[in-house]
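**Student:** heads up, no residue letters with this:
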């Protein structure tokens, strides 16, 4: 009880201190923008506004927090993490209430707190920051899928949002249980990246078989799943790095080194290798199943067009992420700011695509064109 009171007493001061932390401003502005436009989204067969609010709230929490503070004091770490999460909560609340959507404000703020809690508990496992962020983003993707399924099966967007929030709550409980077990901490710390990569590969194969071959009428779901996996695996790894290369001393040392100009260029451990390898490897893992599906279909029929769209989306996402990280490093933008900017762009793009999908597009071209 005393620790909780101490944490609450520190929270206002930490919120003011975080005003100098650029990612919280990016997350707050993105939250206000998303909350203002999200009420107009109602796509059939995809998460509705309330379910999307839970997922987007968690995504904004990851953007705002960046590197989870590790001071050696669990109560101070929790207070500091909560202080960063308060910024997207404030942006989301103000915009949603101003739009006359108090329910949407509650779901979005709940998503922020669940995402922040899950990220904070995963950090207690001593995961590499990119792996912790990627795990939360993957969990948010599963939560969004569960929310969309519940909305379609049971009707009522708030039921879907409840299911999405429940999935995230289960993930938080799992992180707490793992943090409480020393054996689990050691296992998760070393296996997190391999588990994420294996899950993404299995998801890509399942999506090819299920949506591109057996259920081509809902092939667009494979596009959504592939995009979600790419964001979870590639974005934190490309921006936050390998757990060492994000540190200021390492970045200064790397910038001072001579660069190879011959091809093939050898990339040792560091920011450049993370920036290039994460998007390329992830796009290759996720892209080869839809490429095979497109080749089998002759690149002509409906499912094949969706498969081509998935490959194109992964390629475009990889190029965008590489360009963002390289430009960020050239401008000496901190890694957590790069991640926040990329996640904000992902959130805005997701809402734009949900708007386009609200009219029930019949092809990838109509989805991109806006219905």
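**Tutor:** Ah, there it is. All of these numbers come straight from a predicted model, not from anything done at the bench. Numbering: from 1, shown residues only.
**Student:** can you give me the helices in this protein?
**Tutor:** 2-17, 22-37, 49-65, 74-98, 102-123, 129-154, 157-180, 182-207, 220-240, 248-256, 271-296, 302-330, 335-357, 364-369 (DSSP state H).
**Student:** quick one: contacts for residue 14?
**Tutor:** 79-80, 82-83 (C-beta atoms under 8 Å, 6 or more residues apart in numbering). No exception for glycine: its C-beta is placed from N, CA and C like everyone else's.
**Student:** let's see 7 Å
**Tutor:** 79-80, 83 (C-beta atoms under 7 Å, 6 or more residues apart in numbering).
**Student:** what about the closest residue to residue 319 other than its chain neighbours, neighbour count?
**Tutor:** Using C-beta to C-beta, 6 or more residues apart in numbering and skipping residues adjacent in sequence, the residue nearest residue 319 is residue 279, 7.9 Å away. The local packing of residue 279 (other C-beta atoms under 10 Å) involves 27 other residues.
**Student:** Could you list the low-confidence segments of the protein?
**Tutor:** Applying pLDDT under 70 to the chain flags the ranges 1-9, 40-47, 182-187, 189-190, 243-270, 297-303, 357-371.
**Student:** picking that back up, now render the contacts of residue 14 as a markdown table, adding distance to residue 235.
**Tutor:** A markdown table is the format used below for the contacts of residue 14 (distance: C-beta to C-beta, whole Å):
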| residue | distance to residue 235 |
| --- | --- |
| 79 | 27 |
| 80 | 23 |
| 83 | 24 |
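**Student:** just those residues now: which is nearest residue 133?
**Tutor:** The closest of the contacts of residue 14 to residue 133 turns out to be residue 80 (C-beta to C-beta; 16.4 Å).
**Student:** dump the residue contacts of that closest one.
**Tutor:** Residue 80 neighbours (C-beta under 7 Å, 6+ apart): 14, 69.
**Student:** before we move on, back to that, closest to residue 156 among the contacts of residue 14?
**Tutor:** The shortest approach to residue 156 among the contacts of residue 14 belongs to residue 83, at 34.5 Å (C-beta to C-beta).
**Student:** which residues touch the closest one?
**Tutor:** When contacts are counted by C-beta under 7 Å, 6+ apart, residue 83 touches 11, 14-15, 18.
**Student:** Show me which pair in the residues you listed is furthest apart.
**Tutor:** Pairwise over the contacts of residue 83, using C-beta to C-beta, the maximum falls at 11 and 18, 10.4 Å.
**Student:** Tell me which of those two has more neighbours.
**Tutor:** Between residue 11 and residue 18, counted using other C-beta under 10 Å, the more crowded position is residue 18 (19 against 16).
**Student:** separation between that one and residue 345?
**Tutor:** Distance of residue 18 to residue 345, computed by C-beta to C-beta, to the nearest Å: 22 Å.
**Student:** go on, residue 288?
**Tutor:** Going from residue 288 to residue 345 by C-beta to C-beta gives 26 Å.
**Student:** before we move on, what about residue 305?
**Tutor:** To residue 345, residue 305 is 25 Å away according to C-beta to C-beta.
**Student:** likewise residue 146?
**Tutor:** 25 Å.
**Student:** and those two? which has more neighbours close in?
**Tutor:** Higher neighbour count among residue 146 and residue 345: residue 146, with 19 against 16, using other C-beta under 10 Å.
**Student:** close enough to count as contact, the more buried one and residue 167?
**Tutor:** Yes. Residue 146 is in contact with residue 167 according to C-beta atoms under 7 Å; the separation is 5.0 Å.
**Student:** tell me the contacts of the spatially most central residue of the chain?
**Tutor:** The centroid of the chain falls nearest to residue 137 when counting by C-alpha atoms, centre = their mean (3.8 Å). Contact analysis of residue 137 by C-beta under 7 Å, 6+ apart lists 59, 62, 231-232.
**Student:** What is the burial count for the nearest residue to residue 107 once chain neighbours are set aside?
**Tutor:** Distances taken as C-beta to C-beta, 6+ apart place residue 53 nearest to residue 107, at 4.1 Å, with adjacent residues excluded. Counted by other C-beta under 10 Å, the residues lying close to residue 53 total 34.
**Student:** residue contacts, residue 53?
**Tutor:** By C-beta under 7 Å, 6+ apart, residue 53 lies in contact with 38, 104, 107-108, 111, 161.
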